[in-house]
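> model this:
(one chain, ligands or ions: 1)
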Amino acid sequence: MFISFEGIEGSGKSTQIKIISESLQKKGHDVISVREPGGTEVGEKIRKIFLQETTENFDPLTEVLLLYASRKQLDNEIIKPNLKKGSIVIADRFFHATKAYQCYGKGVELNLVEYLHKTLNISEPDLSIYIDINPELSRKRISNRKADRIEQESLDFFSRVQHGYLQLEKESKNFILVDGSKSIEKISGEIDSLIKELLNV
Ligand code: TMP
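Numbering: from 1, shown residues only. Have a look, this model is predicted:
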């Protein structure tokens with residue numbers, strides 16, 4: 001079983017991933033959590049390159065290729081072997097993030113991402129949970145931490161990313177929106193029910 005979590009910065013993904021992982025483990029499941037970009041030795045090196053500030057113009061296509069280099073490695077090293085063993089894999093972001101950030105946010109063609117994903121034969125989540133908050137609330141929630149290269153983008157950029165996620169929700173199956181402005185307990189209750197209902201675990 002493969003579940004991914006999506007949302008803009010400060011949406012509460014990490015908190016919810018922790019809660020659901022513990023709850024699934026208590027039920028006796030073997031749970032593996034990973035993050036993107038990163039999650040492997042090679043992937044964490046790519047993550048540094050991806051998030052560090054640069055003086056150059058970072059081409060959005062370079063971003064996509066870095067993300068897919070990291071994703072391929074993560075899929076080979078962690079996701080596929082653990083799914084094969086019957087574990088539940090939970091990813092903090094997966095390919096919907098590339099569509100939202102690089103395609104809707106920065107103008108890369110959606111077809112390119114779909115082509116790369118398919119051609120590289122990368123796993124697809126059984127369920128993706130999108131925690132929706134608006135860019136203003138996101139800004140407020142992350143204002144006390146040092147912004148990385150992506151977090152330094154404008155409010156306009158994050159509005160395009162949010163719009164992208166909302167489009168993906170309309171078009172994709174197994175991509176479910178949860179309202180991220182609700183309390184942590186309310187959201188985790190909803191996620192718990194969704195996972196029970198849709199994945200029977
Ligand atoms: P995070 O793991 O702390 O959320 O940081 C990852 C950052 O990378 C976040 O700003 C979103 C960005 N990102 C993309 O732009 N595209 C992607 O495909 C992924 C996985 C992340």
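> just to confirm, which helix or strand has residue 129 in it?
strand 127-132 (DSSP states H and E).
> hmm, whichever helix or strand comes after that strand touching the ligand?
Per DSSP H and E, the first helix or strand lying C-terminal to strand 127-132 is helix 135-142. No: Helix 135-142 does not reach the ligand (CB under 6 Å from any ligand atom); its nearest approach is 9.6 Å. The way it works is simple: take the backbone N, C-alpha and C, and place the C-beta from them, glycine included.
> Can you tell me which helices and strands helix 135-142 packs against?
Other helices and strands packing on helix 135-142, by 3 or more CB pairs under 8 Å, 6 or more residues apart in numbering; DSSP states H and E, are helix 155-171.
> list the buried ones in the helix it packs on?
157-162, 164-165, 168-169 (16 or more other CB atoms under 10 Å).
> Then stretch 69-84?
Neighbour count says stretch 69-84 has 69-80, 82-83 buried, by 16+ other CB under 10 Å.
> got it, and stretch 36-53?
By neighbour count on 16+ other CB under 10 Å, the buried set for stretch 36-53 is 36-40, 42-43, 46-47, 50.
> Now the two most distant members of the residues you listed.
Largest separation among the buried residues of stretch 36-53 by CB to CB: 40 and 50, giving 13.8 Å.
> Which neighbours do these two have in common?
Overlap of the contact sets of residue 40 and residue 50 (by CB atoms under 8 Å, 6 or more residues apart in numbering) consists of residue 70.
> before we move on, the earlier item: could you dump the buried residues of stretch 69-84 to a markdown table with distance to residue 135?
What follows is the buried residues of stretch 69-84, written out as a markdown table (distance: CB to CB, whole Å):
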| residue | distance to residue 135 |
| --- | --- |
| 69 | 28 |
| 70 | 25 |
| 71 | 25 |
| 72 | 30 |
| 73 | 31 |
| 74 | 27 |
| 75 | 30 |
| 76 | 34 |
| 77 | 34 |
| 78 | 31 |
| 79 | 30 |
| 80 | 35 |
| 82 | 34 |
| 83 | 34 |
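> Would you convert these into TSV that also reports secondary structure?
TSV is the format used below for the buried residues of stretch 69-84 (DSSP: H, G, I helix; E, B strand; the rest coil):
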residue	secondary structure
69	helix
70	helix
71	helix
72	helix
73	helix
74	helix
75	helix
76	helix
77	helix
78	helix
79	helix
80	helix
82	helix
83	helix
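> Could you list the low-confidence segments of this structure?
Residues of the chain meeting the criterion pLDDT under 70: none.
> Where do the strands of it begin and end?
For the chain, the strands defined by DSSP state E cover 2-6, 31-35, 88-92, 127-132, 175-179.
> Kindly export the last one (C-alpha atoms) in CSV.
Included here for strand 175-179 are C-alpha records, laid out as CSV according to Å, rounded to 0.1, in the frame of the first residue of the first chain:
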residue,chain,number,x,y,z
PHE,A,175,-6.5,12.3,-4.9
ILE,A,176,-8.5,13.5,-1.9
LEU,A,177,-8.7,17.0,-0.4
VAL,A,178,-8.7,17.6,3.3
ASP,A,179,-9.3,21.1,4.7
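> which two from the buried residues of helix 155-171 end up farthest apart in space?
157 and 169 (19.1 Å).
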